[in-house]
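Visitor: model this:
(3 chains, ligands or ions: 3)
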Amino acid sequence: MGVESDVKPDSVALHPVGATGAPEVMGIFGTGDLGRSLGLRLLQSGYRVVYGSRRPHSCGPVPQGAEVASHAEAAKEASLIFVCVHREHYDFLTTLTPHLKGKVLVDLSNNLKKGIYPEANAAYLQRLVPGADVVKGLNTLSAWALQNGLLAGKQVYLCGNSANAKQAVSEMATKLGLTVLDRGSLSAARELEDFPLRLFPEWRLPLLVAACLMGFFYFYLLIRDVIYAYVETGQDISYRIMISLANKVFPIVSLVMLSLCYLPGCIAAFLQLYRGTKYKRFPNWLDRWMLCRKQMGLVALGLALLHAIYTFIIPIRYAVRHKLISRVVDEMKNNKTTPFYFDNKEAWGTDSFYVLGILGFFLYLLLGLTSLPSVGGSLSWREFSFVQSKLGHLTLSICTAHGYIYGWNKFLRPSTYKWYTPPGYMLCLIVPSVVLVLKILLLLPCVDRALTRIRQGWERNPPLIEVNKASSL
Amino acid sequence: MGVESDVKPDSVALHPVGATGAPEVMGIFGTGDLGRSLGLRLLQSGYRVVYGSRRPHSCGPVPQGAEVASHAEAAKEASLIFVCVHREHYDFLTTLTPHLKGKVLVDLSNNLKKGIYPEANAAYLQRLVPGADVVKGLNTLSAWALQNGLLAGKQVYLCGNSANAKQAVSEMATKLGLTVLDRGSLSAARELEDFPLRLFPEWRLPLLVAACLMGFFYFYLLIRDVIYAYVETGQDISYRIMISLANKVFPIVSLVMLSLCYLPGCIAAFLQLYRGTKYKRFPNWLDRWMLCRKQMGLVALGLALLHAIYTFIIPIRYAVRHKLISRVVDEMKNNKTTPFYFDNKEAWGTDSFYVLGILGFFLYLLLGLTSLPSVGGSLSWREFSFVQSKLGHLTLSICTAHGYIYGWNKFLRPSTYKWYTPPGYMLCLIVPSVVLVLKILLLLPCVDRALTRIRQGWERNPPLIEVNKASSL
Amino acid sequence: MGVESDVKPDSVALHPVGATGAPEVMGIFGTGDLGRSLGLRLLQSGYRVVYGSRRPHSCGPVPQGAEVASHAEAAKEASLIFVCVHREHYDFLTTLTPHLKGKVLVDLSNNLKKGIYPEANAAYLQRLVPGADVVKGLNTLSAWALQNGLLAGKQVYLCGNSANAKQAVSEMATKLGLTVLDRGSLSAARELEDFPLRLFPEWRLPLLVAACLMGFFYFYLLIRDVIYAYVETGQDISYRIMISLANKVFPIVSLVMLSLCYLPGCIAAFLQLYRGTKYKRFPNWLDRWMLCRKQMGLVALGLALLHAIYTFIIPIRYAVRHKLISRVVDEMKNNKTTPFYFDNKEAWGTDSFYVLGILGFFLYLLLGLTSLPSVGGSLSWREFSFVQSKLGHLTLSICTAHGYIYGWNKFLRPSTYKWYTPPGYMLCLIVPSVVLVLKILLLLPCVDRALTRIRQGWERNPPLIEVNKASSL
Ligand SMILES: Cc1cc2nc3c(=O)[nH]c(=O)nc-3n(C[C@H](O)[C@H](O)[C@H](O)COP(=O)(O)OP(=O)(O)OC[C@H]3O[C@@H](n4cnc5c(N)ncnc54)[C@H](O)[C@@H]3O)c2cc1C
Ligand SMILES: Cc1cc2nc3c(=O)[nH]c(=O)nc-3n(C[C@H](O)[C@H](O)[C@H](O)COP(=O)(O)OP(=O)(O)OC[C@H]3O[C@@H](n4cnc5c(N)ncnc54)[C@H](O)[C@@H]3O)c2cc1C
Ligand SMILES: Cc1cc2nc3c(=O)[nH]c(=O)nc-3n(C[C@H](O)[C@H](O)[C@H](O)COP(=O)(O)OP(=O)(O)OC[C@H]3O[C@@H](n4cnc5c(N)ncnc54)[C@H](O)[C@@H]3O)c2cc1C
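Guide: Ligands and ions are numbered 1, 2, ... in the order given. Coordinates of the predicted model:
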């Protein structure tokens, strides 16, 4: 009977016309931020709203058009009640159990931290008011989003033990413009309550990888540059730590991270070729790796951006200006003529180096742009994968070439290998080069053909017997 | 009767199965851009569309599949009619009143400016055709959005005096993928008509603040730099107005605006602490201020970006190159050796200054990125507030440090205080410093604990009596 | 009874009323990526899912909660079946025809390329299983989007010969959070299948125009700069090809493309003025041009960004440093004093040049920002057109001024016209200047008034007779 009243407004035709005029009543316990915003929104969607408050006559502002009553009165009027109070204050509900019998209670609560209570809030609520049908959900909505009408198309989760209760909440949510996903029984409440407490879980691994790589390369370059200079020549070039070193570490790690975006795709392809089927799951580590490629790529883009900015400010640095001036004065004093000789090869070399860097960065930005949800969402699958996969590999090639040109005339000079260690940019070229070679192998017509067939469902060892069984049914 | 049958497809169960095949008829008056696009869209959603036109045989192109008839004929066929003509041409409808009796008329019109007519367009329409049920709405949709199918999930407002009429329009709109918000009776029409004429209302205050600050600091620096130099030494350095001055004003105002984003949060917190409850409304000015923090932040980001670009082009400026060259030549002539001495402290100082600036700018960009609707919308509340609040305060700290380092060795030099005025960057450090100090106070464990309790609903003077009353019901 | 009727609309027609508690069964043929993700999603929306597999006992992982059966058994249980196998494997369905009679088959398949088969996949499927109702659709969804719940509000197309079948699929899709557009009978299947294979169709023309312009200007400048220098003075300045030339071509083409964004609007306005009505279609070429303005603008922005980056790295280029050093040394040797004279006019000129460039670029970025779908979508129509049209014309003016200042003192110098050809920047100023002049004409009060009247529906030669006919009905 409770449920009856919550037919969707749409189904007008089912009721005598007079009945449709009367909007359904929604109850809200709590007149805090969330309660107020939710009430406003429900009013806008055509519901009547009754607040239940500890002090109905001085409960602070409620949205225009809403009514305020005591908790018990509100409970009587509405068949669906939103509980917008903190779990810490739930106990008052026990006094209301008779009024709440058969009502749908929506628990929207969140906690401040994970695992402070042994029981999910919604489960606790159900235990307090056993006669009501508790539905957990909508707890990912913030008061702010509700107030600013940013719900359209947003996805929310529900769970609860009563299918009818969930149905009623789901219809209300649909009317608010939300998309509802059912997560099953109330035992999923804990999971739903942990949801808004997530803090970038999918960013952890990429950030960790980036941090480790940066730490390693920073230390490595510190030894090779600053400490080497100090030990061998007694020079103090520690000021380089701030910018020069960072501006080497950033591009190095960015390039490695970029290639780590494209390595798992190659590994997956070779695995499929080796197994001769696409119907076997990838190992777990590969799956996880593939799922965080977006974040890896964006971290790489961030580092590339830092590299770009660090490069732009090079000429205004004190050390650089000083070097330039000293060099001129030096030249003059020694009256050498070498500097006046314009080395065409050097000009071509450095300019190519810069051009590759700029183009690589530009493509990087394009990749980043298409990974904005609203841009990516407006692309067809083929367009998205054209940008991410084709242009992505092009980006990787160009950035790798940028790295190679940097060292073009230094690879064979012994002075490059201070203390017998290779410079940083050589180390960082290893992974990208491997990825590019693997990719080229995959593009060989014969390999490509085999792979395409496998991805269309062909299997080297098809399960013959079962096919027959199935079709004989 | 027409209306009944065109309930949403959902209501399949109401009709004999055969009937569902026949699509509902929608009428459209007007074959302009909007009429055409709307018709196309209705056809795509499975409706039949009949245009009413002044000249049914030469009305220009209509979408394929639509019919064209005279206004009267179209009115007869459809129970729901969209009026896609300008208000200036509404009078022809008076001749159709008999045909429009009991029909739902949707008024989608907008005006060119606010307040040119004493009456809302929809109210005027209702007065012209009293027998019809006028619904105002969908007027925020542009022909362009309709044509390009950009409706999915968009929010539209409706108002009207007949609940059934609104219901019918709302079902149609839902089928087009829109989310409908009911704004009440036709008296809200004016408000709905003013909606598409809004021009960045929430940007006005932040832009005004920025403009005032920029005006003030520009003038202040003009006096201290250019006019001071002219008066005291007779030098004409007016060329500095274009870039050097601007490149001081931008970062100064950016930093002040950034701190103005975080100041209201601190004020709100202290207010809650002082009042001992979160259930009292903030004063109006604070509310308004808090609501435009996003725009303040984005203006600050814009200024920071300009500062960055201005800084990047410093070395290619004529004046800067000239100074560099003159300096070298000078050095040579005087055969001084000072410039050749490399000042390690200076190198560290300036490099730290740049690094802080770059990192601050990078974090600024992150804040800006997450305020893109599609990015912000994909974050959980905790993630969003982690970025905006935690990283935001970090950004403020770093940018403030950037400011302090700029003046690190100048604070105590008397020559800094030309005409007894402090330089601009000192002035601009005041507000950020205050905000940071307030924030640190709020982070003290005892203050933080009290605040958290208050925000969870605890009150220093709870309204005891009413609680009892409520629970005794 | 109310409750019953408001069970998920879907189930209504299919099940006896009592059954509403029992979720509807959906069948999926194929346990590949797409099948798995779709199943997961259906489960989340409250459906029961039965997979049909060649080898029900070893078909790999299916989402938790789904059942696996042979194809025939799955077909028996579900009334709606998704075919998630490649067209190449459709033939197994012929063996199932008896079980598929009267069922709805949803064909989600895509091909690898356009036009490899004479017949659309869905038409082929219908031919194989004539007794079933085939619906083509949802094929624009990727497994990835399904898995990550990125469906909310997305738009999908359907087509099919049976209205009831389409209705059933459409209800399911709506429940998944999708917005459905009906594209008619199964003959539209080909079109729907080509949809995901689109590769930036609306970008082709703008990119082609940009490529042609860049090719032309590159060649033109190559002759005027590098080849001219080689022929006339024997100097080899070929190293300029990499950066100096590119950094002239980018801004030139960017400015031309930008003005090409605003030219069609002017042409359209003059056409409307000339015709005296807005009810005539624009010629096809103008329509096409106007539809790709967004892409033109974004290409222009890309080139402007490249121009900016190329400019930022000027001072760290070898050639530039070399020139600086040589110049100083030169000065010293000749003991000239000219360089020490600070040319105030030059300082003002170059600084203004840079400032205009920076401001233009900044406005460019704003235009680009608002064309992000999520940002543009949150603006009212007036706001969007304020930015795109008003700020857009401002951007064009500023960038054009940037171009004029570049040549301010060179227009009258004969040495500018090498081999009697004007320099590139002069050529590129032609189109923007024309656009600005046209725009100024359109802003003249008398012209503006006439245009506004026309756009509100006024016609110079209204079709008098038909109006009377219509109103006499
Ligand atoms: C700035 C930046 C932003 C990025 N943003 C994103 C982002 O938003 N989203 C994202 O996903 N990545 C993103 N990335 C990472 C990267 O660009 C993509 O993951 C890219 O698609 C990887 O390309 P790929 O060709 O290696 O992989 P994919 O094209 O995904 O293919 C990977 C592997 O999957 C398998 N495979 C492919 N197709 C099929 C099939 N039909 N059947 C079975 N198996 C198949 C194959 O083994 C293939 O090699 C970003 C990177 C950067 C640098
Ligand atoms: C580039 C840029 C972009 C920005 N974009 C945005 C944006 O998109 N959206 C936006 O809002 N801001 C934006 N800002 C502004 C700013 O970053 C945010 O407003 C930021 O959240 C303010 O942080 P805060 O900690 O001061 O405020 P908040 O985290 O909002 O808290 C402010 C105050 O509200 C009160 N409060 C907080 N939680 C509760 C609670 N549970 N109950 C009762 N009271 C509470 C407290 O008094 C608190 O101090 C942007 C800033 C910049 C620089
Ligand atoms: C970086 C960048 C991004 C861009 N992004 C976009 C984008 O996202 N979307 C986009 O469309 N463009 C975009 N553009 C292109 C350009 O800015 C716009 O097309 C801009 O709106 C054109 O302005 P306009 O005044 O010439 O045209 P409009 O304002 O569209 O008007 C064009 C012509 O249409 C006709 N017209 C206008 N109003 C009416 C009316 N009510 N009735 C009948 N006819 C009328 C008139 O003839 C008018 O002159 C972008 C450009 C750049 C540089």
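
Visitor: low-confidence ranges in chain A?
Guide: When residues are selected by pLDDT under 70, those of chain A lie in A:1-22, A:148-153, A:335-340, A:463-473.

Visitor: strands of that one, start to end?
Guide: A:25-29, A:48-53, A:67-70, A:80-83, A:104-107, A:133-137, A:155-160, A:179-182 (DSSP state E).

Visitor: is chain B within reach of the first one?
Guide: No: using C-beta under 8 Å from any C-beta of the partner chain, we find that strand A:25-29 stays clear of chain B, coming within 10.7 Å at best. The C-beta positions use only the backbone N, C-alpha and C, and glycine is treated the same way.

Visitor: ok, that strand: who's next to it in the sheet?
Guide: strand A:48-53 (parallel), strand A:80-83 (parallel) (DSSP bridges).

Visitor: run the chain-centre distance for the last one.
Guide: Put plainly, it is strand A:80-83. How far strand A:80-83 lies from its chain's middle: 32 Å, per C-alpha atoms, centre = their mean, to the nearest Å.

Visitor: likewise for the longest one?
Guide: Computed by C-alpha atoms, centre = their mean, the chain-centroid distance of strand A:48-53 equals 37 Å.

Visitor: picking up where we left off before, now render the strands paired with strand A:25-29 as a markdown table, adding mean neighbour count and distance to B:Tyr354.
Guide: Listed next are the strands paired with strand A:25-29 as a markdown table, based on neighbours: other C-beta atoms under 10 Å in any protein chain shown; distance: least, C-beta to C-beta, whole Å:
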| stretch | mean neighbour count | distance to B:Tyr354 |
| --- | --- | --- |
| strand A:48-53 | 25 | 55 |
| strand A:80-83 | 26 | 52 |
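
Visitor: looking at those, which is closest to C:Ala173?
Guide: strand A:80-83 (26.6 Å; C-beta to C-beta).

Visitor: hmm, back to that, take the strands of chain A and lay them out in a markdown table including distance to ligand 2.
Guide: Output for those, formatted as a markdown table (distance: least, C-beta to the nearest ligand atom, whole Å):
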| stretch | distance to ligand 2 |
| --- | --- |
| strand A:25-29 | 17 |
| strand A:48-53 | 17 |
| strand A:67-70 | 20 |
| strand A:80-83 | 17 |
| strand A:104-107 | 18 |
| strand A:133-137 | 20 |
| strand A:155-160 | 20 |
| strand A:179-182 | 23 |
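
Visitor: what's the closest of the ones you listed to ligand 1?
Guide: strand A:155-160 (18.3 Å; C-beta to the nearest ligand atom).

Visitor: ok, the closest one: who's next to it in the sheet?
Guide: Neighbouring strands of strand A:155-160 in its sheet, by DSSP bridges, are strand A:133-137 (antiparallel), strand A:179-182 (parallel).

Visitor: list the contacts of that strand.
Guide: A:122, A:133-138, A:140-141, A:166, A:169-170, A:173, A:178-189, A:192, A:195, C:149, C:152, C:177 (C-beta atoms under 8 Å, 6 or more residues apart in numbering or on different chains).

Visitor: tell me if the longest helix along chain A is near chain C.
Guide: Criterion DSSP state H: the longest helix present in chain A is helix A:246-275. No: remark: helix A:246-275 sits outside contact range of chain C, by C-beta under 8 Å from any C-beta, the gap being at least 11.6 Å.

Visitor: which parts of that helix are buried?
Guide: Buried residues in helix A:246-275, counted by 16 or more other C-beta atoms under 10 Å in any protein chain shown: A:246-269, A:272.

Visitor: out of the strands paired with strand A:25-29, which is closest to C:Gly302?
Guide: Per C-beta to C-beta, nearest to C:Gly302 of those: strand A:80-83, 48.4 Å.

Visitor: kindly format the C-alpha coordinates of that closest one as PDB.
Guide: Output of strand A:80-83 as PDB, limited to C-alpha atoms (Å, rounded to 0.1, in the frame of the first residue of the first chain):
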ATOM      1  CA  LEU A  80       9.400   7.300   1.300                       C
ATOM      2  CA  ILE A  81      11.700   9.000   3.800                       C
ATOM      3  CA  PHE A  82      15.200  10.200   3.300                       C
ATOM      4  CA  VAL A  83      17.400  10.000   6.400                       C
END
